[in-house]
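Enquirer: the sequence and its predicted three-dimensional model are supplied below.
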Amino acid sequence: MRVLKLIGLAILGLVILWLIVAAFIPKHFEYERSANINASKEVVFGIVNDLKTQETWGPWKKEDPLIKNTYNEVATGVGQISSWTSEGSSGNGTQTITAATPSTSVTYRIDFGGGGGGDAMFNLADASNGITDAKWKFTMDVPYPFNLMMSFGGGQMNKMLDDGLAGLKEMAEQKAAETPATTGKYEVKSMNFPGHTYIGLREKTTQEEVMKSTFFAERFGKIMSLLTTTKIQPAGSPSGVYYTWDEATKTTDMAVAIPVNSGTAVAGGAIQVFEIPASKAVVVDYYGPYDNFEGAHEAIGEYIKANGLTEKAPVIEEYVTDPGSEKDSTKWLTKIIYLIEGN
């Protein structure tokens with residue numbers, strides 16, 4: 001009995017010591033690691049802005065092969081949610097993209113299924129010669145007295161971040177080699193736009209609204225429903241047709257549209273048939289997610305200025321790749337077409 005009493009006192013002493021030490025340990029923890037990646041910011045951003053890619057480059061499955069992931073309906077970017085379950089060490093939880101600035105940063109909120117949570121962020125910056133400096137930061141608040149346990153986990157956390165960055169580097173550099181159009185050196189080409197008849201929904205709205213993942217999905221759904229009902233066949237790729245894009249007011253006059261055969265007509269309503277005549281044009285074949293077109297548009301603008309050309313409305317984005325068939329967003333092809341004045 002005396003031995004049991006001594007053991008009990010020793011355990012109690014350890015608990016008291018734990019509580020005392022934990023009172024002097026910070027409750028907020030931050031970890032950050034970085035890597036140089038031989039790929040453009042556009043390529044790296046396209047990967048980290050899609051949670052599904054973490055199944056390939058992330059360190060989680062190496063640590064716990066029993067992890068199973070599911071995803072919500074948001075393809076990429078803000079609002080995309082990854083949920084995981086595991087009978088192993090990882091437990092259950094969710095990861096949500098809460099903010100994204102194209103080619104610059106992505107922020108995630110991580111919830112460990114009732115076991116607390118934290119925030120992670122990727123910051124991307126140009127280094128030199130097409131190399132991207134990628135920083136991966138993780139922060140979390142751990143309540144007393146469990147903060148003491150977390151204070152011993154810094155080495156493991158840093159290793160996990162390093163392993164993830166190594167996987168990201170491998171994936172990004174492979175993507176850069178496979179899809180050179182996303183390296184940031186966009187090839188602007190002249191073309192003769194053949195002219196199209198479109199069926200679509202035209203409206204004046206905010207740029208913020210257009211950037212929401214549901215904006216195009218809802219409108220293309222309505223157009224396809226009408227095409228199915230009227231037995232009208234599409235004659236080209238789903239498109240965004242932009243008559244204005246006002247940075248001062250953050251508004252746009254645009255149409256969500258699908259090309260159809262010339263002579264197509266529909267009854268009156270919000271969905272209308274309209275024409276865009278044949279024209280000289282310049283085009284960029286952009287590969288990547290839909291929220292990262294900025295660099296391609298800038299490249300076209302620079303080309304137009306350098307060659308003394310004059311653009312005219314509208315600007316057309318043709319969404320060639322079906323995201324339902326191709327899950328890898330870095331392989332999505334969008335043709336960005338600027339119409340040019342003259343013959």
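Expert: Structure's in. What do you need?
Enquirer: quick check: pLDDT value at Asn49.
Expert: The predicted local confidence for Asn49 comes out at a pLDDT of 90.
Enquirer: longest helix in this protein, please.
Expert: As assigned by DSSP state H, the longest helix anywhere in the chain is helix 154-178.
Enquirer: the helix or strand just after that one: partners in the sheet, and parallel or antiparallel?
Expert: Counting by DSSP states H and E, the next helix or strand C-terminal to helix 154-178 is strand 188-193. For strand 188-193, sheet partners with direction are given as strand 279-287 (antiparallel), following DSSP bridges.
Enquirer: what comes into contact with the very next helix or strand once past the strand it pairs with?
Expert: Using DSSP H and E, the helix or strand that follows strand 279-287 towards the C-terminus is helix 294-306. In this structure, residues lying in contact with helix 294-306 by Cβ atoms under 8 Å, 6 or more residues apart in numbering are 42, 102-103, 184, 186, 188, 282, 284, 286, 309-311, 315, 336, 338, 340. For every residue, glycine as well, the C-beta is placed using N, CA and C.
Enquirer: any idea of the mean pLDDT in helix 294-306?
Expert: When pLDDT is averaged over helix 294-306, the result is 88.
Enquirer: same question for stretch 207-226.
Expert: Confidence for stretch 207-226, expressed as mean pLDDT, is 91.
Enquirer: same check on stretch 72-80?
Expert: Mean pLDDT, taken over the full extent of stretch 72-80, equals 87.
Enquirer: next one: that stretch to chain centre, how far?
Expert: Using Cα atoms, centre = their mean, to the nearest Å, we find the averaged C-alpha position of stretch 72-80 to lie 8 Å away from the chain's own average C-alpha position.
Enquirer: in it, what counts as buried?
Expert: Val74, Ala75, Thr76, Gly77, Val78, Gly79, Gln80 (16 or more other Cβ atoms under 10 Å).
Enquirer: try stretch 286-301
Expert: Applying a neighbour-count criterion of 16+ other Cβ under 10 Å, one finds 286-293, 295-297, 299-300 buried in stretch 286-301.
Enquirer: name the nearest of the contacts of helix 294-306 relative to Asp246.
Expert: The shortest gap between Asp246 and any of those belongs to Val315, at 12.8 Å (Cβ to Cβ).
Enquirer: touching, that closest one and Thr244? I think so.
Expert: No - distance between Val315 and Thr244: 9.4 Å, which falls outside the contact criterion (Cβ atoms under 8 Å).
Enquirer: ok, those two, which is more surrounded?
Expert: Between Val315 and Thr244, counted using other Cβ atoms under 10 Å, the more crowded position is Val315 (20 against 13).
Enquirer: what's the neighbour count on Gly91?
Expert: Applying the criterion other Cβ under 10 Å, we find 15 residues in the vicinity of Gly91.
Enquirer: that one and Ser83 touch, don't they?
Expert: No - the criterion here is Cβ under 8 Å, and Gly91 misses it with Ser83 at 11.9 Å.
Enquirer: gap between the residue nearest the centre of the chain and Ala267?
Expert: What sits nearest the mean C-alpha location of the chain, by Cα atoms, centre = their mean, is Asn49, with 2.9 Å. When distance is defined by Cβ to Cβ, to the nearest Å, Asn49 is 41 Å away from Ala267.
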